[in-house]
Each structure stands twice: as C-alpha cells, then as structure tokens.
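Q: One predicted model, sequence on top.
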Amino acid sequence: MSETLENLYSETRTFPPPAELAADANVQAGAYQQADDNREEFWAQQARRLHWAKPWDQVLDWSNAPFAKWFLGGELNIAYNCVDRHVEAGHGDKVAIHWEGEPGDTRTITYADLLRSVSQAANTLTELGVTAGDRVAIYLPMIPEAAVAMLACARIGALHSVVFGGFSVDALATRIQDADCKLVITADGGYRRGKPSALKPTVDEAVAQCPSIEHVLVVRRTGEDVTWGDKDLWWHETVEQASDKHEARAFDSEHPLFILYTSGTTGKPKGILHTTGGYLTQASYTHHAVFDLKPETDVYWCTADIGWVTGHSYIVYGPLSNGATQVMYEGTPDTPHRGRFWEIVDKYKVSLLYTAPTLIRTMMKWGDDIPAKYDLSSLRILGSVGEPINPEAWMWYREHVGHNNAPIVDTWWQTETGAMMISPLPGVTASKPGSAMTPLPGISADVVNDEAESVPDGGGGFLVLREPWPSMLRGIWGDEQRFKDTYWSRFGKGAGVGDAWIYFAGDGAKKDADGSLWLLGRVDDVMLISGHNISTTEVESALVSHPSVAEAAVVGATDPTTGQAIVAFTIPRGNVDASGDAGEKLIQELRNHVAKKLGPIAKPRQIMLVAELPKTRSGKIMRRLLKDVAENRSLGDVTTLQDSAVMDLISSGMQAGK
Ligand code: 6R9
C-alpha cells in the first residue's frame with residue numbers, strides 16, 4: 001500500500017469511568033508509567049501473581065528474535081495454577097463454572113469438583129499413553145468437559161489443539177494431520193438451535209483419514225445413537241472411573257501449551273503455537289486488569305466458543321487462574337428465545353460480560369425491548385472482542401445493556417498475541433465509542449507508515465508491535481519460514497531495515513487527535529477508490545449510525561471507472577420496512593447518509609439489503625465471500641463459514657438485482 005489509510009470518521013464523545021469503580025480498580029493509572037520505566041520488571045511482577053515451582057533466572061531472551069523466550073529456567077504447572085492452588089487456599093467450595101445447557105439443564109462445578117475431574121482426565125490420558133509433548137485434538141461442544149480436557153492436557157504437558165465443534169470433516173482432518181495428534185476428545189453431539197447436533201460422525205470420518213489417532217474419547221452429551229469403532233472409549237467409562245488423585249508436575253516455562261489454528265483467509269490454516277509461563281502470565285494479568293475481576297463477588301461470563309482463542313484465554317486460562325466464578329453457556333443466543341442472553345445475565349447476576357460486536361449488532365436488530373425485559377443491573381463492565389465495534393453498536397451496548405454507566409472495554413488482540421494487547425482500563429480510561437484506546441501497560445503497539453515510521457496523531461497506517469510480549473506466539477507449528485514471512489518480514493530487521501524486530505499484525509489503524517487507537521480491519525480489506533484508501537470499517541460504521549441499519553459489511557469491487565467501488569451489504573433493523581419501494585428509498589437514503597458522514601468519495605456504488613451476513617463461527621464477517629458475490633465470481637473456500645445457506649441467499653438476491 002503506497003499511501004496511508006484515509007481517516008474519515010471522527011468521534012468526539014468520551015465516557016470517563018464511574019468514580020466508585022475507579023477508586024477501587026485493580027489496576028490504576030500508575031501501571032503505565034511503571035511498565036514504561038522497566039518493561040521486563042513489570043512483566044516479572046505480573047508473573048509473580050502465579051505459582052512457580054521453580055523461579056526463573058532471566059525474564060526475557062530475545063537474542064534469537066523473532067523467537068522469544070520468557071521466564072527462562074522457571075517451572076510451573078498451568079492446571080495447578082488454575083485449579084489446585086485455589087482449592088489449597090480454602091476455596092474448594094467456590095463455584096468455578098455455572099454451566100447452562102441450551103435445553104435449560106444446568107451443572108454447578110466448584111473448584112474442588114474441577115480438581116477431581118481434571119485429575120481423573122489426566123490419569124486417563126496418561127493410561128492411554130499420552131505423555132508430555134504429545135498432541136491431543138479436542139472437538140467438543142460448550143460443555144464443562146471442554147475446559148476439563150484442556151486443563152488435563154496442560155496438567156500432563158500434552159499440547160491441545162481445539163477445533164471448533166462446527167467445523168467439517170476436512171477441517172478437522174487437516175488439523176489432526178498437521179499436528180500428528182494421538183488422541184481426539186469429542187462428544188456424541190451438543191445442542192444447537194433447539195436440537196441435538198451430532199459430532200461423532202464427523203470425527204469418525206476424519207479419524208478414518210488420520211492414522212496418527214490411537215484413541216477417541218467420547219463424552220455422552222445428547223444420548224443419541226453413535227457408531228462405535230475399536231478406537232472409541234466412553235468418557236464416563238474411563239475418565240469418570242479413574243482415580244481423582246493426580247500429582248501435577250511442573251514444566252519449563254517455555255514448554256509448549258497449545259496449538260490453535262487461525263482461520264486464515266488464504267492458504268492452509270496456520271497452527272499458532274503458545275507456551276506456558278509467558279502465556280499464562282499475560283492471560284491472567286489482562287483478565288485481572290481489564291475486567292477488574294474481584295473473585296469474591298464478581299460473576300463473569302464470556303460468550304465465546306472454546307474453539308476460538310477468546311475461549312482459551314478468557315474462559316479457561318485467564319479466569320480460572322484468577323479464581324473467578326463464571327458462567328458457561330452451550331447454545332445460541334436465540335434458543336429458545338431472543339432474550340436468552342439477558343435471561344442468563346439476570347439469572348446468575350453476571351457482573352462482567354465479554355462478547356463480540358456481531359452479537360451486539362444482532363441484539364440491536366432484534367430490538368431494544370428485549371434487553372429491557374430483564375434485570376441487567378448486576379453488570380458492571382462490558383467487554384467486546386473480535387472486530388472493530390461500530391460507535392453506534394458501542395452506544396447501544398452502553399445504553400441498553402450497561403445502563404449508561406458500565407464501562408465498555410474494547411479489547412484488540414489476536415490468536416497470535418495470545419492475550420489482550422490494546423484496551424481501555426475500566427477504572428482509568430475515559431473511553432470513546434469505537435476506539436480500543438491505548439496499548440495495555442507493558443505493550444508497545446504503534447501505527448506506522450510504509451517506512452515503519454510512527455505516524456503522528458491524526459494519521460493512519462499499519463498496526464505493529466515494537467517489543468516482544470509474554471504471551472506472543474512462539475511460532476507456526478512445523479513452519480518456521482511462514483512464521484517469519486507472515487509477521488516479521490514486512491517491517492524492521494526481518495525486512496532488512498534497522499536492528500529492531502517489528503511484528504506486523506495485518507490490521508490497519510489510525511491515531512486520532514489525542515493519540516487514541518482506532519482499528520480499521522484487516523489491511524487486505526482496505527479499498528482503493530479513485531486512488532484513495534478507504535477502510536471498510538469506517539463505511540460500515542457510517543451505515544450502522546443510520547437508525548434503520550443493524551449491521552453492514554462493505555467490500556471494494558472492481559470498477560471500470562474508479563478502480564474499486566464500494567458495495568455494501570446491509571441488514572435493516574427489525575422494525576424497518578425494507579420491501580419494494582420502501583427498500584429502494586432506504587437504499588438511496590443510506591447512500592446519501594454515508595456521503596454526508598464521510599464525504600462523497602465514500603458514497604457506496606451499490607447497497608444491498610440482506611437478511612444475514614456470512615460469518616465465521618467467531619463472528620467475523622467473511623468479506624472475501626461478499627467480494628466474490630460483488631464481482632460475480634463463484635465462491636472461494638467456505639469451510640469456516642458458519643451457515644452456508646446465507647451465501648446462496650445473498651448471491652440469488654444479487655443476481656435478481658435487489
Ligand atoms: C481475539 C481474536 C484477530 C483479528 C485481529 C483484528 C480483529 C479482534 C478486535 C479486532 C478491532 C477489536 N479484532 N479484536 N478488530 N477491534 N477489538 O479475535 O483473535 O480470531 O485471531 O482474530 O480480529 O482484525 O487481527 P482472532
């Protein structure tokens with residue numbers, strides 16, 4: 001990209017933290033200065049929040065950059081940190097997980113229960129021949145056994161590779177093969193949209209293509225019939241019969257913890273590798289700092305799936321290492337009704353909620369009256385992750401969910417970063433709707449131009465990370481070169497310029513006049529209209545700021561006159577008449593609305609009113625597929641698409657010229 005990204009959208013509203021929250025916040029403003037004064041000592045201090053069986057000798061070794069080592073010589077056990085130590089501290093009876101199944105069945109799991117289950121699972125894995133360094137695939141619905149399985153792997157030093165329960169045979173098989181997994185942990189099925197959804201048949205087909213698999217451990221969740229093979233073992237006949245005593249042994253700080261495959265827009269998925277000490281340090285600290293967790297009184301709920309990095313760091317490792325009480329929910333937000341999320345918040349008196357912009361926009365579409373039916377007064381901090389949150393969605397979240405005073409923490413991070421990197425601190429930051437604000441203490445994010453020079457306030461460019469951080473990826477499984485090429489060859493030493501290694505995140509960003517950071521989406525999605533770089537995020541936010549719009553996705557389609565032209569796919573809010581002439585009128589109104597907000601250059605060539613948008617299971621809009629539609633191409637890879645029928649609907653609407 002030759003020019004910097006253009007900044008069109010401006011936002012002036014700010015919301016300081018409520019005074020009581022600020023006064024009592026876990027992390028205060030001084031943390032930034034402390035981290036600036038001595039970054040390594042700052043992270044060492046956060047590492048001391050954990051239990052180490054052997055202290056480290058050196059905080060960071062960056063001599064073999066871009067391969068980092070943190071807390072060298074230190075030893076710890078992750079499961080001990082997430083479970084045993086809370087029981088030993090007298091909190092065995094404390095609820096770790098309030099689990100809510102989609103059909104309404106529930107389970108209450110204390111830290112003592114969790115310790116027994118994790119110990120049993122660790123004993124079973126060991127009996128099945130799984131040892132430290134082996135890889136285990138986990139393909140489960142959102143049931144407590146998913147967390148138990150991950151912790152059991154961590155406890156014995158085996159790497160888990162969690163694969164989304166919605167992924168296909170191919171997606172599962174390629175991931176098993178890439179990491180040579182020895183074991184798969186799965187279930188007969190889970191509940192989705194009011195009915196059982198089978199998992200075992202997918203595993204059977206995948207395992208048939210994966211000779212490395214020795215055993216398949218199957219949790220009984222739905223009770224539906226399954227085909228049984230000689231590798232299959234029931235969880236309740238093995239794990240639940242095993243001894244519940246297991247001594248956790250400490251592993252080296254750099255012992256590998258897990259592999260998680262990123263969806264990746266092109267090519268084969270990348271197996272992102274994380275290790276032990278640094279990962280847990282940052283996952284734990286950021287959860288404590290950004291959610292201001294008070295383990296005695298808070299009830300935390302992260303709505304992500306465990307198959308996404310957000311589920312790893314902020315359902316399993318962060319909250320459990322901090323001794324949190326949390327809610328875990330199996331199903332979809334509209335089963336059996338569209339108030340389900342708010343019903344759960346009300347029922348468990350959730351105080352800290354972590355969800356994704358896609359869900360917030362869906363709730364906006366369903367209408368304000370739905371959250372209004374529930375008592376949401378327990379909520380004190382609201383988190384967002386996964387995509388830029390449009391200012392209007394941010395305001396809606398604050399008003400209709402956060403009763404106009406719960407701080408919103410918009411957290412930017414990636415599978416690769418392992419934990420949050422850019423986010424407000426709820427007791428410190430006066431936040432702006434739509435901005436992730438500032439790098440967290442100890443993190444050095446910056447926005448740079450093509451020459452890797454920091455852009456001035458008001459400028460836009462590429463998001464980079466200038467210094468190593470504890471939970472950074474340690475590589476791509478089995479592909480060192482791709483690791484260097486993808487993240488380290490765009491800027492800095494890896495690009496042959498200067499001495500510093502600079503991590504390229506792949507996102508566009510801008511700094512506003514105060515230096516606050518605004519994420520603008522993936523650099524690959526930036527549009528080039530008549531020579532101007534325009535970010536999809538800003539046009540989408542302009543559309544969502546119109547009262548008739550719930551959600552929008554924008555792509556640049558090839559255009560003979562302007563190079564690329566803006567094509568927008570827009571979901572009207574629930575109460576809007578978008579049929580026939582009313583729809584045509586709305587389209588014209590929206591085109592003019594964008595032109596007025598952002599300038600005539602950003603006026604969409606075409607707007608389509610649609611009922612749904614193609615999304616990944618973690619809620620990211622798949623703009624690549626919409627671009628195929630806008631340019632009349634046949635669709636590319638759809639294996640990570642949540643609902644494939646969506647694309648048929650959109651394509652047929654496009655052909656009909658709607
Ligand atoms: C945690 C997670 C990473 C990509 C990232 C960026 C987008 C995530 C965001 C955000 C703007 C935020 N992203 N959080 N963009 N604001 N608060 O989502 O990991 O699935 O690996 O995706 O998601 O584009 O580069 P992952």
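A: Thanks, I have the structure now.
Q: And the helices in the stretch 301-450 of the chain?
A: 309-311, 318-321, 340-348, 357-366, 369-372, 391-396 (DSSP state H, counting those that start in this stretch).
Q: Any chance of these in a markdown table with mean pLDDT, mean neighbour count and distance to the ligand as columns?
A: From N, CA and C alone the C-beta is placed, and that goes for glycine too. Output for those, formatted as a markdown table (pLDDT from 0 to 100; neighbours: other Cβ atoms under 10 Å; distance: least, Cβ to the nearest ligand atom, whole Å):
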| stretch | mean pLDDT | mean neighbour count | distance to the ligand |
| --- | --- | --- | --- |
| helix 309-311 | 97 | 25 | 5 |
| helix 318-321 | 98 | 28 | 12 |
| helix 340-348 | 98 | 20 | 19 |
| helix 357-366 | 94 | 22 | 8 |
| helix 369-372 | 97 | 16 | 22 |
| helix 391-396 | 96 | 23 | 11 |
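Q: Specify the local secondary structure of the residue of the chain positioned farthest from its centre.
A: Relative to the mean C-alpha coordinate of the chain, counting by Cα atoms, centre = their mean, the farthest residue is Asp581 (39.8 Å). Applying DSSP: H, G, I helix; E, B strand; the rest coil to Asp581 yields a three-state assignment of helix.
Q: Likewise for the one 5 residues further on?
A: The local conformation at Leu586, judged by three-state DSSP, is helix.
Q: So it versus the ligand, what's the distance?
A: Leu586 sits 28 Å away from the ligand when distances are taken as Cβ to the nearest ligand atom, to the nearest Å.
Q: Now do the same contact list for that residue.
A: 548, 572, 576, 578, 609 (Cβ atoms under 8 Å, 6 or more residues apart in numbering).
Q: Equivalent analysis for Val218, please.
A: So Val218 contacts 186-188, 200, 226, 232-235 (Cβ under 8 Å, 6+ apart).
Q: Distance of the residue farthest from the centre of the chain relative to Gln588?
A: 11 Å (Cβ to Cβ, to the nearest Å).
Q: repeat for Thr275
A: Distance, Thr275 to Gln588, by Cβ to Cβ: 55 Å.
Q: got it, and Trp308?
A: Distance of Trp308 to Gln588, computed by Cβ to Cβ: 38 Å.
Q: swap in Asn26?
A: Distance of Asn26 to Gln588, computed by Cβ to Cβ: 50 Å.
Q: same question, Phe42
A: Phe42 is 54 Å from Gln588, by Cβ to Cβ.
Q: Equivalent analysis for Val610, please.
A: Distance, Val610 to Gln588, using Cβ to Cβ: 17 Å.
Q: who has more neighbours, those two?
A: The residue with more neighbours, out of Val610 and Gln588 and counting by other Cβ atoms under 10 Å, is Val610; that gives 23 against 10.
Q: Checking the residue nearest to the more buried one when sequence neighbours are not counted next. Helix, strand or coil?
A: Take Val610 and drop its neighbours on the chain: the residue closest to it by Cβ to Cβ, 6 or more residues apart in numbering is Phe569, 5.1 Å away. What three-state DSSP gives for Phe569 is strand.
Q: Give me the pLDDT for Phe569.
A: At Phe569, the pLDDT value in this model is 96.
Q: Can you check which of the helices of the stretch 301-450 of the chain gets nearest to Thr108?
A: Among these, helix 340-348 comes nearest to Thr108, with 10.5 Å by Cβ to Cβ.
Q: any residues touching the closest one, and which ones?
A: Here helix 340-348 makes contact (Cβ under 8 Å, 6+ apart) with 98, 100, 299, 301, 303, 327, 329, 331-334, 350, 353, 355, 359, 363, 370-371, 373-376, 378-379, 401.
Q: and the protein, which of its residues are near the ligand?
A: Residues of the chain lying near the ligand by Cβ under 6 Å from any ligand atom: 262, 309-310, 385-388, 410-415, 436, 505-507, 519, 522, 618.
Q: make it 5 Å
A: With Cβ under 5 Å from any ligand atom as the criterion, the chain comes near the ligand at residues 309, 385-386, 388, 410, 412-415, 507, 519.
Q: any chance of the contacts of Val218 in JSON lines, with secondary structure too?
A: Formatted as JSON lines, those follow (three-state DSSP):
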{"residue": "Thr186", "secondary structure": "strand"}
{"residue": "Ala187", "secondary structure": "strand"}
{"residue": "Asp188", "secondary structure": "coil"}
{"residue": "Lys200", "secondary structure": "helix"}
{"residue": "Val226", "secondary structure": "coil"}
{"residue": "Asp232", "secondary structure": "strand"}
{"residue": "Leu233", "secondary structure": "strand"}
{"residue": "Trp234", "secondary structure": "strand"}
{"residue": "Trp235", "secondary structure": "helix"}
